[in-house]
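Colleague: Quick one: sequence plus predicted model below, questions after.
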Amino acid sequence: MVSITPIKGDAEAAPGPATADPLQAAWEAIRAGLRRDCGARTFDGWLRPIALGAFDSEHGTLRLELPSQFMADWVQTHFAERLALAWRSAIPAVRHIVVGVGAAAPKTAAVVEIPAPPTAEEPAVEKDGLYAVALEPRYRFESFVVGKANEVAFNAARTLATAENVAFNPLFLHGGTGRGKTHLLHAIGHEFHRQRPRAKIIYMSAEKFMVEFVAALRANETIQFKQQLRSADLLMIDDVQFIAGKESTQEEFFHTMNEIISAGRRLVISSDRAPQDLDGIEPRILSRLSWGLVADINQADLELRLNIIHKKLEALPDVQVPEDVVMFLAKRINSNVRELEGALNRIAAYAAMTNRAIDIDFVGEVLASTLRANQRRISIDEIQTKVSEHFRIRKAEMTSARRAREVARPRQVAMYLSKQLTPRSLPEIGRRFGGRDHTTVIHAVRQIEKLRAQDPELDSDIRLLTRQLEG
Ligand SMILES: Nc1ncnc2c1ncn2[C@@H]1O[C@H](COP(=O)(O)OP(=O)(O)OP(=O)(O)O)[C@@H](O)[C@H]1O
């Protein structure tokens, strides 16, 4: 069940006597920025009427409401991406925005007067070839902290942005949410622009690609749409999982991809999963993708989390965070970098508001629910359930003595995942699998490691199970 938290009542966002509403404060700042960037006419006509709706803290979804469907559709098409980006940089906990018609929107007269659409096309204003408005200024290579989990992706991104000729194209970056894919794409854009100020760079979410493609189809303007994309020297499409299975968009994407690559222009794609795990992507697209470089971004380990906290704190010179608190945060917030960043911002904001020193007690109060969510531990029981469902065997086979391959292999997979995803010891894992010896568990772990390297299907099963279990 999704819990919709009313903005004013966000318990975690308002510890102690604090009265300021961080969402409202961020919204004021975003509005000021939009007014500056878009001019008074567009702002007054289309953006001023937007009201803040509810914030669903579980999914990080913030609702923005307009007085009519027409206005909501317009804002969705022209501003959704910009709004989402602005929100994400202001409050990282806001991961998505939904634009709709709602009760929170200011009530105007029964007939809503619809302002004339602006004459200039704002969100993708071409400035020196760079679609500058879409790139977040903070997302640069210099602000990206490199560790084991992301070094291959980082190096590939830098090579793609800087090398005279690249041996791989496209670059496909994948990894779970909040691990820095969008950051790296924007960093590529900034660097490419710095080195080649006249080059044409397009960054677009796959969702926007689809929306624009469908709009172009309706308006009989597909030729212009194609020309625009295919003339890019660097094209970056974020979150490509979005178009998996959407046939005509996928077809168009495939042609665009082919032309960009054949013309020696650079293409970068990001996704929350590996190419082979994208359901509904055609084999010819997969094979074209495999011509390039596929790099994943793994979950940050403790060392990387510590380095990221230190780096983020450099940008907050007024905030004094003692080393024991840094270690506490790095150990306890292990889900993803976005959460870690959000936690630091929240601590800084509440320390400033309440004038309290930042110690472990304070952090425990301010981040109570984040810490609880990060504490979620995957249990061996959950692993056994998921694995038996996946391989369509009875769960009882997890603890049975049967050695037939069709049950023994899934059992080994479950033991392997128990070792990887839980802090349980080998003897304990053995006990939970029908009282087996710890050497059986070691054997299972080694066996699956070996098989994963040889068998792409098993490897993809394990990735999928891991993703599902990690939620
Ligand atoms: N290695 C890193 N160094 C510094 N900041 C990072 C790093 N990784 C992620 N971040 C920060 O974490 C936040 C989330 O990253 P980003 O939006 O790039 O994630 P993502 O992988 O694109 O997530 P999603 O799939 O949800 O879009 C950003 O503010 C980004 O700057």
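Modeller: Okay, I see it.

Colleague: quick one: pLDDT of the closest residue to the ligand within the stretch 51-200 of the chain?
Modeller: Of all residues in the stretch 51-200 of the chain, residue 180 sits closest to the ligand, at 2.7 Å by C-beta to the nearest ligand atom. All C-beta atoms are positioned from the backbone trio N, CA, C, and that covers glycine. As summarised for this prediction, residue 180 has a pLDDT of 96.

Colleague: now swap in residue 112 and tell me
Modeller: Turning to residue 112, the model gives it a pLDDT of 22.

Colleague: quick one: contacts for residue 334?
Modeller: Listed by C-beta atoms under 8 Å, 6 or more residues apart in numbering, the contact set of residue 334 reads 299, 300, 302, 305, 374.

Colleague: give me phi/psi at it?
Modeller: The main-chain torsion angles of residue 334 are listed as degrees, to the nearest 10 and equal phi -120, psi 10.

Colleague: where's it relative to the ligand, distance?
Modeller: When C-beta to the nearest ligand atom, to the nearest Å is applied, the distance between residue 334 and the ligand equals 13 Å.

Colleague: Roughly how far does that residue sit from residue 149?
Modeller: Distance of residue 334 to residue 149, computed by C-beta to C-beta, to the nearest Å: 12 Å.

Colleague: Could you do residue 160 as well?
Modeller: 19 Å.

Colleague: Same question for residue 349.
Modeller: In this structure, residue 349 and residue 149 are separated by 28 Å, where distance is defined by C-beta to C-beta.

Colleague: Same check on residue 371?
Modeller: Shown here: residue 371 relative to residue 149, a distance of 22 Å by C-beta to C-beta.

Colleague: higher neighbour count, the two?
Modeller: Shown here are residue 371 and residue 149; by other C-beta atoms under 10 Å, residue 149 has more neighbours (21 against 17).

Colleague: Now do the same for the residue lying closest to that one once chain neighbours are set aside: helix, strand or coil?
Modeller: Excluding the flanking residues, the one nearest residue 149 by C-beta to C-beta, 6 or more residues apart in numbering is residue 298, at 4.0 Å. Secondary structure assignment for residue 298 (DSSP: H, G, I helix; E, B strand; the rest coil): coil.

Colleague: residues from the stretch 151-300 of the chain in reach of the ligand?
Modeller: By the criterion of C-beta under 6 Å from any ligand atom, the positions of the stretch 151-300 of the chain lying close to the ligand are 175, 177, 178, 179, 180, 181, 182, 183, 239, 272.

Colleague: so where's the stretch 51-200 of the chain uncertain?
Modeller: Applying pLDDT under 70 to the stretch 51-200 of the chain flags residues 103-133.

Colleague: hmm, 80 instead?
Modeller: Low-confidence regions of the stretch 51-200 of the chain, defined by pLDDT under 80, span residues 58, 67-71, 73-74, 77-78, 81, 89, 102-134.

Colleague: Strands along that one, start to end?
Modeller: 51-56, 61-66, 96-101, 171-174 (DSSP state E, counting those that start in this stretch).

Colleague: Can you say which of the ones you listed is packed in most?
Modeller: Most buried of the strands of the stretch 51-200 of the chain by mean neighbour count (mean count of other C-beta atoms under 10 Å) is strand 171-174; its value is a mean of 25.

Colleague: show me the contacts for residue 357.
Modeller: With the criterion set at C-beta under 8 Å, 6+ apart, residue 357 makes contact with 320, 351.

Colleague: Local confidence estimate at residue 429?
Modeller: Per-residue confidence for residue 429 comes out at a pLDDT of 95.

Colleague: Report how many residues lie close to it.
Modeller: Residue 429 has 25 neighbours, counted by other C-beta under 10 Å.

Colleague: what's the answer for residue 145, then?
Modeller: 18.

Colleague: The helix or strand containing residue 350 - contacts with which helices or strands?
Modeller: Using DSSP states H and E, the secondary-structure element containing residue 350 is helix 337-354. Contacts of helix 337-354 with other secondary structure elements, assessed using 3 or more C-beta pairs under 8 Å, 6 or more residues apart in numbering; DSSP states H and E, are made with helix 302-314, helix 323-332, helix 360-366, helix 368-374.

Colleague: So what touches it?
Modeller: Judged by C-beta under 8 Å, 6+ apart, the contacts made with helix 337-354 from elsewhere in the structure are 12-13, 15-18, 20, 22, 91-93, 95, 177-180, 300, 305, 308-309, 312-313, 316, 318-319, 321, 329-330, 333, 356-358, 362-363, 366-367, 370, 374.

Colleague: on that earlier part again, for PyMOL, what selects the buried ones among the residues of the stretch 151-300 of the chain next to the ligand?
Modeller: For the buried members of these, the matching PyMOL selection, counting by 16 or more other C-beta atoms under 10 Å, is:
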select buried, resi 175+178+179+180+181+182+183+239+272
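
Colleague: farthest pair in the residues of the stretch 151-300 of the chain next to the ligand?
Modeller: For those, with distances taken as C-beta to C-beta, the pair at the greatest spread is 183 and 272 (14.4 Å).

Colleague: Could you check which residue of the stretch 351-471 of the chain lies nearest the ligand?
Modeller: residue 467 (12.4 Å).

Colleague: mind giving me the domain split of the chain?
Modeller: When the chain is parsed with automatic domain parsing, its domains come out as 7-101, 132-296, 302-374, 380-470.

Colleague: which secondary structure element contains residue 25?
Modeller: Using DSSP H and E, residue 25 falls within helix 22-38.

Colleague: Only the buried residues of that helix, if you could.
Modeller: For helix 22-38, burial by neighbour count (16+ other C-beta under 10 Å) applies to 22, 23, 26, 27, 30, 34, 38.

Colleague: Hmm, the third one is touching residue 88, no?
Modeller: This points to residue 26. No: distance between residue 26 and residue 88: 10.5 Å, which falls outside the contact criterion (C-beta atoms under 8 Å).
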